[in-house]
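1. I would like to see how this sequence folds:
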Amino acid sequence: MIAYVLDIIIGDPQWSYHPVRLIGKFIENVEKGLRKLPIPERLAGIILTIIILSGIFLTTYALVSVSRQVHFLCELTMGAIIIYFSVSVKSLAVEAKKVMTSLGKNDLINARRFLAQIVGRDTAHLNQEQIIRACVETVAEGSVDGVLSPLFYSFIGGPIGAIAYKAVNTLDSMVGYKNDKYIRFGWASARLDDVANYIPARISGVLIPVASFFCGCGFKNSLKIALRDGCKHESPNSGIPEAAIAGALGVQLGGPSTYQGGIVEKPFIGDNQNQLTMESVDMAIKITYVTSVLFLICGIATVVCLEYFYRNCIRVL
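-> Predicted coordinates:
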């Protein structure tokens, strides 16, 4: 709860020593070393994943253990800070709003530049509608890997679980590409990220429609499109929140996109009932905020119930 409130108030600080940036540097250095070894790329990628996760786990475990020895409040503070660095609710909204602010000023150049910072596709020649579509898709996908998944693993494994997930997600974002350089080397990282996001993505398929209802959008259509189109995406997870958001807004996402100069034909998700506008991005952000609050409430309620069950049933037995 403390970590979530900190993120809502402060957002994600752009520090040189931000834990995620340090994880990124760690990945870069280990990758350089493994590339020099005369071993198959896929094996090297597996070793990279093991080294990164082991290093992050041991480092975080040591920090939490030391803080526990000092005082309970020290342990609480350390845990909250680590989880805070793992969750990015506000930064997702801020980055998307930068794009929309530029569009509001008819400044396509800056809108494309800001969009390029949060998407992997080529943005140099996108028109206004394509920019908005990419922004909605990014907010939808980010609702899982930037919000629900870190919270999910925080409830399961505390700060260690949260930062371990962030390491998996960072690995995927750095080496999980399907190009000649990483198709084999990044295989393990990409597959692990798919596994890590599997349950949170499906939770989003339920919570996003509920959040859509509270935001004045259609619960029924959001759930319907999530069930109908959630499996169309190449990723086993990304399509579910995208479909749920598309259904809530009554818009169509997906379609052809350009990556590194090549056109990738993505399946269309949702029905083209409404036109994509800047208000579509604002509503997607609003739905993401409400979804995160609902998940937080459900998570806390689950922990309290399990604790009560343990104290009153298991211990008695």
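
2. what residue lies at the spatial centre of the chain?
-> residue 145 (1.7 Å; Cα atoms, centre = their mean).

3. what's the burial count for the closest residue to that residue other than its chain neighbours?
-> In this structure, residue 145 finds its nearest non-sequential neighbour in residue 169, 5.4 Å apart by Cβ to Cβ, 6 or more residues apart in numbering. (Glycine included, C-beta is placed from N, CA and C.) For residue 169, the neighbour count with other Cβ atoms under 10 Å is 23.

4. isn't residue 169 right next to residue 193, touching?
-> Yes: using Cβ atoms under 8 Å, residue 169 is in contact with residue 193, at 6.1 Å.

5. need the residues touching each of the two.
-> Common neighbours of residue 169 and residue 193 (criterion: Cβ atoms under 8 Å, 6 or more residues apart in numbering): residue 145.

6. on that earlier part again, quick check, the residue nearest to the centre of the chain in contact with residue 197.
-> Yes: in this structure, residue 145 is within contact of residue 197 by Cβ under 8 Å, at 6.0 Å.

7. contacting residues around the residue nearest to residue 145?
-> 145, 149, 193, 196.

8. distance from the chain centre to the helix or strand that contains it, please.
-> For residue 169, the host element (DSSP states H and E) is helix 149-175. Mean-position distance between helix 149-175 and its chain equals 10 Å (Cα atoms, centre = their mean, to the nearest Å).

9. can you start the count at 625 instead of 1 from here on
-> Sure, I'll start numbering at 625, so the last one becomes helix 773-799.

10. now it: average pLDDT?
-> Average pLDDT, helix 773-799: 95.

11. over to stretch 708-719?
-> On average, stretch 708-719 scores 93.

12. need the distance between the two termini of that stretch.
-> Here the two ends of stretch 708-719 are set 18 Å apart, with distance taken as Cα to Cα, to the nearest Å.

13. what residues does that stretch touch?
-> For stretch 708-719, using Cβ under 8 Å, 6+ apart, the contacting residues are 626-628, 630-632, 634-636, 642-644, 738, 741-742, 763, 766-767, 770-771, 774-775, 778, 783, 786-787, 789-790, 909, 912-913, 916.

14. and for stretch 819-834?
-> 767-769, 772-773, 776-777, 789, 792-793, 843-844, 846-847, 850-851, 854, 860-862, 864-865, 867-869, 871-872, 911, 915, 918-919, 922.

15. now it: buried residues?
-> 820-821, 824-834 (16 or more other Cβ atoms under 10 Å).

16. those in helices, which ones?
-> 820-821, 824-834 (DSSP state H).

17. nearest to residue 877, of those?
-> residue 832 (13.4 Å; Cβ to Cβ).

18. cool, thanks, signing off.
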